[in-house]
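J.: Only the shape, not the letters, is given here:
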């Protein structure tokens with residue numbers, strides 16, 4: 001698995017997940033339950049992971065749909 005996206009915005013995670021699953025790219029949302037530790041204030045980022053072989057295509061899909069992604 002390789003990190004594709006890291007954000008504190010849950011709507012970005014949901015949108016990116018929908019885009020990628022629509023293209024048959026399996027995604028795994030990490031750090032979902034970290035809000036228990038932070039007290040639900042939204043300061044700890046969540047990560048979206050994809051398989052290594054899907055990473056290039058997934059980045060292209062997010063970039064084409066104006067989803068903000070960090071550079072590796």
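T.: In hand now; what should we look at? All values reported here derive from a predicted model rather than from experimental measurement.
J.: Can you tell me the SS state at the spatially most central residue of the chain?
T.: Nearest to the mean C-alpha position of the chain, counting by C-alpha atoms, centre = their mean, stands residue 48 at 2.9 Å. Secondary structure assignment for residue 48 (DSSP: H, G, I helix; E, B strand; the rest coil): strand.
J.: who's it bridged to?
T.: Beta-bridge pairing for residue 48 (DSSP bridges): residue 5, residue 29.
J.: got a list of what it touches?
T.: The neighbourhood of residue 48, defined by C-beta atoms under 8 Å, 6 or more residues apart in numbering, consists of 3, 4, 5, 6, 13, 16, 17, 27, 28, 29, 30. Backbone N, C-alpha and C define where each C-beta goes, glycine included.
J.: Repeat that for residue 5.
T.: For residue 5, the contacting residues are 12, 13, 16, 47, 48, 62, 67, 69, 70, by C-beta under 8 Å, 6+ apart.
J.: just residue 68 next, same as before
T.: Remark: with contacts taken as C-beta under 8 Å, 6+ apart, residue 68 is in contact with 7, 12.
J.: for it, phi and psi?
T.: Dihedral angles of residue 68 (phi, psi; degrees, to the nearest 10) stand at phi -70, psi 120.
J.: What of residue 8?
T.: Taking degrees, to the nearest 10, you get phi -100, psi 0 for the backbone angles of residue 8.
J.: quick revisit: turn the contacts of residue 5 into CSV, including distance to residue 23 and secondary structure.
T.: Formatted as CSV, the entries for those read as follows, by distance: C-beta to C-beta, whole Å; DSSP: H, G, I helix; E, B strand; the rest coil:
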residue, distance to residue 23, secondary structure
12, 17, helix
13, 16, helix
16, 11, helix
47, 19, strand
48, 14, strand
62, 10, helix
67, 13, coil
69, 15, coil
70, 20, coil
